[in-house]
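S.K.: The sequence and its predicted three-dimensional model are supplied below.
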Amino acid sequence: MRTLSVKAKSQDRLKSLITATTKLWRKYHLTYDQTRYVAKEVRKALRLARVKARKRVVERLSRDEEHRLIRQAYKQRGERGLLIKTLFQTGLRVSEFVNLKVEDLFFEESMILVAKAKGGKSRYVPLLPELAQELRTYLSDRKTGYLFETNRQRQYSPRRIQQIVKEVAGRAKINKRVYPHLLRHSVATTLLERGMPIDQIQKFLGHTKLETTQIYAESTPEMIRESYQKALSG
């Protein structure tokens, strides 16, 4: 007979405690606000301090997974490959991506204007030469409309983009949950590893607070982070 693990035993004890607490709170007919107050006072009596925010480890695609995802996307019908490549290389939020219009592309300057960014602000994102050329060819003579449109010439919904990314990742046999924001994480950490200053990554991603961008620096290997900090101070 298998013995229970320490974690399982702990969970069983907590379940018993939750049951007992439920009965007690029900007996005294506590409201939601009253239960919050009681929990707060119990923590105070036990001198339980809130745990400081733990460092977040940002999940990302490996370089091999990035290549497999994009390769698989180009095997799909229509502009699926270019769509995912653009989403990945621009590091846009999915809400920003679906609102991109043809008029927002400035090929001479190799830039994209993100007009509907988070918080109602706008920013410019650089275009790599290869991607710019592919987008030129894809658009041909089209001058208006959304950059990527459905078969009915309508705007993609964020949910549909999420589905497309998930479907392609499944076909590429990537054994992790792949979603648009994960691509954003991946390109951010790649830029950091290649020595892009963190304030520039902040602008690229459209983060309001530098602290949000610093999560990526905390998630890179120690050697990369040290060389990056040296580059900043040099």
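M.R.: It's in.
S.K.: for the protein, what spans make up the strands?
M.R.: Secondary structure of the chain (DSSP state E): strands at 105-106, 111-114, 123-126.
S.K.: ok, Leu128 - contacts?
M.R.: 89, 110 (CB atoms under 8 Å, 6 or more residues apart in numbering). Using the backbone N, CA and C atoms, a C-beta is placed for each residue, glycine as well.
S.K.: Would you mind telling me which of the strands of the chain is nearest Lys209?
M.R.: strand 123-126 (14.7 Å; CB to CB).
S.K.: What strands flank the closest one, and is each parallel or antiparallel?
M.R.: Under the criterion DSSP bridges, strand 123-126 sits next to strand 111-114 (antiparallel) in its sheet.
S.K.: still on that earlier bit, which one of the strands of the chain has the most crowded surroundings?
M.R.: Most buried of the strands of the chain, by mean neighbour count (mean count of other CB atoms under 10 Å): strand 111-114, with a mean of 20.
S.K.: Check the offset of that strand from the chain's centre.
M.R.: Centroid separation between strand 111-114 and its chain, computed with CA atoms, centre = their mean, to the nearest Å, is 19 Å.
S.K.: if we can go back for a sec, Throw the strands of the chain into CSV and include mean pLDDT and distance to Gly81, thanks.
M.R.: CSV is the format used below for the strands of the chain (pLDDT from 0 to 100; distance: least, CB to CB, whole Å):
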stretch, mean pLDDT, distance to Gly81
strand 105-106, 95, 18
strand 111-114, 92, 18
strand 123-126, 90, 20
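S.K.: what would those look like in CSV with distance to Asn175?
M.R.: Listed next are the strands of the chain as CSV, based on distance: least, CB to CB, whole Å:
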stretch, distance to Asn175
strand 105-106, 35
strand 111-114, 32
strand 123-126, 30
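S.K.: Looking at the ones you listed, which is nearest to Tyr138?
M.R.: Of all the strands of the chain, strand 105-106 sits nearest to Tyr138, with 10.6 Å by CB to CB.
S.K.: Show me how the record splits this structure into domains.
M.R.: In terms of domains, the chain is parsed into 10-45, 63-233 (source: automatic domain parsing).
S.K.: Just name the most buried of these.
M.R.: Of the domains of the chain, domain 63-233 is the most buried (mean count of other CB under 10 Å), at a mean of 16.
S.K.: Could you tell me which ranges of the chain sit under the pLDDT cut-off?
M.R.: 1-9, 51-58, 215, 217-234 (pLDDT under 70).
S.K.: residue boundaries of the helices in it?
M.R.: For the chain, the helices defined by DSSP state H occupy 6-27, 32-45, 63-75, 80-90, 94-97, 129-139, 158-171, 180-193, 198-205, 210-219, 222-233.
S.K.: Include distance to Asn151 when you put the ones you listed into JSON lines, please.
M.R.: Listed next are the helices of the chain as JSON lines, based on distance: least, CB to CB, whole Å:
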{"stretch": "helix 6-27", "distance to Asn151": "49"}
{"stretch": "helix 32-45", "distance to Asn151": "48"}
{"stretch": "helix 63-75", "distance to Asn151": "17"}
{"stretch": "helix 80-90", "distance to Asn151": "12"}
{"stretch": "helix 94-97", "distance to Asn151": "18"}
{"stretch": "helix 129-139", "distance to Asn151": "15"}
{"stretch": "helix 158-171", "distance to Asn151": "12"}
{"stretch": "helix 180-193", "distance to Asn151": "21"}
{"stretch": "helix 198-205", "distance to Asn151": "31"}
{"stretch": "helix 210-219", "distance to Asn151": "36"}
{"stretch": "helix 222-233", "distance to Asn151": "43"}
